[in-house]
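Asker: only geometry, no sequence info:
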């Protein structure tokens, strides 16, 4: 049975999530343009990509998507302008396909331009609807986003202009939690965004890739996992594993097939940072991810980088205002960064996440039009440049 599904992602990552879904043959007639991921930069942020798929595709997308944060199953959609109507219509939905009375649930409700505007009251009526359907009141708990285990089943409710959309989260802990990053630097980059940056760079996975501000190693690790075709979700549990009709045999086969697709290629990836503690954390993370053998880590400032023979790709997340307080310091750093690249990386492609276009211009590099992207709730620019 085909379901309406929604891959949630950070605003700005939609074209890359859509490209990934297309690689899984799940975009249908809405397939993105042919070519590299994100080749056409969208003009509007939607925070995700809608598609259709089976329960098996729910398993596949959770296992394979690198840029998505969650995969939601659309349980139902209907209009409701009063609480009795909300409870009655919600009680008709097939909650039993995803919930068991013993498992705790949590609601995340948002209401906009609707007669039902009290989010707590909406959640209360939906709990009543679930009790009507399952014959027993559900256990309700708060949802703590930072937790990775013992999470309640999340139910996402959206009321806009009296149209109520109810979704079941199939992922559990956010998908950027791959399981390898236990040690982090001062400003960790989410794995989903790091993957999006590598995709945006159009790296061919064979030429050298360099990250001279690697921090805890997220960008080079995600690049190595991408090059080796390691499924990002192979090390973790998902919410769908607790659903009543979870098919363990199908999941085991899917996982085994995905592991057969892993390649032994060793891409030329170099990563450095001036912080010795960050390099130590990055090496430990790479070991857990199983890719330490294809990443060369070194502790050195940007002025001392030694890129391998190129041309190649630079993909990096330089320090910005949150981490360095003085604008002058930032401009000097970016100017030095650009000078080093022009001297040691001629002909290389550069993709970087930055705070402002002004800082990018300080590098003196030739830049293409970038996109706005969310990083930790802050707007940043994802830019592609040429040395």
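Answerer: Arrived safely. Since the model is a prediction, treat every value here as computed from it, not as a measurement. Numbers count the residues shown, from 1 in each chain.
Asker: ok, now which ones touch the closest residue to residue 163 other than its chain neighbours?
Answerer: Of all residues not flanking residue 163 in the chain, residue 79 sits nearest, at 5.6 Å (C-beta to C-beta, 6 or more residues apart in numbering). In this view, the C-beta of every residue, glycine as well, is placed from N, C-alpha and C. Applying C-beta atoms under 8 Å, 6 or more residues apart in numbering to residue 79 gives the contacts 162-164.
Asker: of those, which is the nearest to residue 380?
Answerer: residue 163 (32.2 Å; C-beta to C-beta).
Asker: parallel or antiparallel, list what pairs with the lowest-mean-pLDDT helix or strand in the chain.
Answerer: Across the helices and strands of the chain, the lowest-confidence element by mean pLDDT, DSSP states H and E is strand 371-375, at a mean of 85. Strands that pair with strand 371-375, judged by DSSP bridges, come out as strand 378-386 (antiparallel).
Asker: from the rest of the structure, what touches the partner strand?
Answerer: 12, 196-197, 200-201, 320, 322, 348-357, 360, 363, 365-368, 370-374.
Asker: list the buried residues for it?
Answerer: Within strand 378-386, the residues scored as buried using 16 or more other C-beta atoms under 10 Å are 380-385.
Asker: now for those: which two are most distant?
Answerer: Counting by C-beta to C-beta, the most remote pair of the buried residues of strand 378-386 is 380 and 385, 15.0 Å apart.
Asker: residue 210 looks like it's in a helix, true?
Answerer: No - assessed with DSSP: H, G, I helix; E, B strand; the rest coil, residue 210 is strand; it does not lie in a helix.
Asker: what residues are up against it?
Answerer: Counting by C-beta under 8 Å, 6+ apart, residue 210 has contacts 269-271, 305, 307-308, 312-316, 345, 348.
Asker: so residue 75 lies in a strand, does it not?
Answerer: Yes - under three-state DSSP, residue 75 falls within a strand.
Asker: quick one: residue 341 and residue 366 touch, right?
Answerer: No - the pair residue 341 / residue 366 is not scored as a contact, 11.3 Å apart, by C-beta atoms under 8 Å.
Asker: more neighbours: which of those two?
Answerer: More neighbours surround residue 341 than the other of residue 341 and residue 366, with 23 against 10 (other C-beta atoms under 10 Å).
Asker: ranges for the helices of this protein?
Answerer: Secondary structure of the chain by DSSP state H: the helices cover 14-23, 55-64, 83-90, 119-134, 191-201, 218-228, 248-260, 276-289, 327-344, 357-361.
Asker: the second one vs helix 14-23, what angle?
Answerer: Same thing as helix 55-64. Helix 55-64 and helix 14-23 are oriented at 130 degrees to each other (axes from the mean of the first three to the mean of the last three C-alpha atoms, to 10 degrees).
Asker: which helices and strands does helix 55-64 pack with?
Answerer: On a contact count with 3 or more C-beta pairs under 8 Å, 6 or more residues apart in numbering; DSSP states H and E, helix 55-64 meets strand 3-8, strand 70-79, helix 248-260.
Asker: equivalent analysis for the last one, please.
Answerer: Applying 3+ C-beta pairs under 8 Å, 6+ apart, one finds that helix 357-361 contacts helix 327-344, strand 378-386.
Asker: kindly report the same for the longest one.
Answerer: In this structure, helix 327-344 makes packing contacts with helix 357-361, judged by 3+ C-beta pairs under 8 Å, 6+ apart.
Asker: now do the helix it packs on: everything it contacts.
Answerer: 320, 330-331, 334, 352, 354, 367, 370, 381, 383, 385.
Asker: now do stretch 240-248
Answerer: By C-beta under 8 Å, 6+ apart, stretch 240-248 touches 55-56, 58-59, 62, 96-100, 103, 153, 170-171, 251.
Asker: who does residue 156 bridge with?
Answerer: residue 108, residue 167.
Asker: against residue 126, how distant is it?
Answerer: As judged by C-beta to C-beta, to the nearest Å, residue 156 and residue 126 stand 11 Å apart.
Asker: those two: which is more packed in?
Answerer: residue 126 (24 against 21).
Asker: not counting its neighbours along the chain, what's nearest that one?
Answerer: For residue 126, ignoring the flanking residues on the chain, the nearest one in space by C-beta to C-beta, 6+ apart is residue 90 at 5.4 Å.
Asker: now that neighbour: how far from residue 48?
Answerer: Distance from residue 90 to residue 48, by C-beta to C-beta: 22 Å.
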